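# build me a structure from this.
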Amino acid sequence: GREYHLPHGFVVRNGYTHLRLLKRESETKREPEESRITVPLFSQEESYSLSLKGLDVRFRTRIAGENEQLPTKTYAKVFDYGKINGSMEIRHRKEGDYLVIHPDGRKKLLQDYFVEEKVPKEERDSVWMLCQGSKVIWIFGMRNSEDYRIDEYTKNILEVEYWRN
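Residues are numbered from 1 along each chain as shown. I've put the predicted structure just below:
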């Protein structure tokens, strides 16, 4: 994570596996953009979409069936809708965010997760997440929380799919 300031406004930053040459002006902080959403209670299948800067997300609620097929793609996940209480946010990281990493409830701070996964420091503030308060439900394209996994007691499912626009 060290960086070296060079003449003419350049910075060399030491990454996990490589060096990056950046122009100092390009290091402007991203404006936080987020969207608070409330997944509606439902009695039948519903679906809706939203667009954010650089990201489109589609939500679909449905009743769980037997022998449920779970998506294996990194851009689509399913969650136990009954375990989601109230509203969720799609946003970038905030201090204190955490991820439940084990079925027994063990947590990991998001900062620690990013370090372990070697997410470059300059990219961490632009990673999109689905959250409920400080609890991360899903880091898009990466890991999802153990707290919202589908199990044998799941009655209703929330499908979330994203793509970059």
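# show the subsequent helix or strand relative to the helix or strand of the chain with the lowest mean pLDDT.
Within the chain, no helix or strand scores below strand 35-38, which has a mean of 61 by mean pLDDT, DSSP states H and E. Remark: after strand 35-38, the chain's next helix or strand is strand 46-52, criterion DSSP states H and E.
# from the contact counts, what lies against that following strand?
Judged by 3 or more Cβ pairs under 8 Å, 6 or more residues apart in numbering; DSSP states H and E, strand 46-52 is in contact with strand 35-38, strand 55-63. The C-beta positions use only the backbone N, C-alpha and C, and glycine is treated the same way.
# that one: partners in the sheet, and parallel or antiparallel?
Using DSSP bridges, strand 46-52 pairs in its sheet with strand 55-63 (antiparallel).
# number of nearby residues for the residue nearest to Gly141 when sequence neighbours are not counted?
In space, and not counting its chain neighbours, Gly141 is closest to Thr74: 5.3 Å by Cβ to Cβ, 6 or more residues apart in numbering. Other residues near Thr74 come to 10 when the count uses other Cβ atoms under 10 Å.
# tell me the SS of Thr74?
The three-state label given to Thr74 by DSSP: H, G, I helix; E, B strand; the rest coil is coil.
# so how far is Arg143 from it?
For Thr74, the distance to Arg143 equals 10 Å [Cβ to Cβ, to the nearest Å].
# hey, where'd the helices end up in the chain?
For the chain, the helices defined by DSSP state H occupy 110-116.
# any stretches of it with poor pLDDT?
By pLDDT under 70, the weakly predicted segments of the chain are 1, 16, 25-44, 67-68, 70-72.
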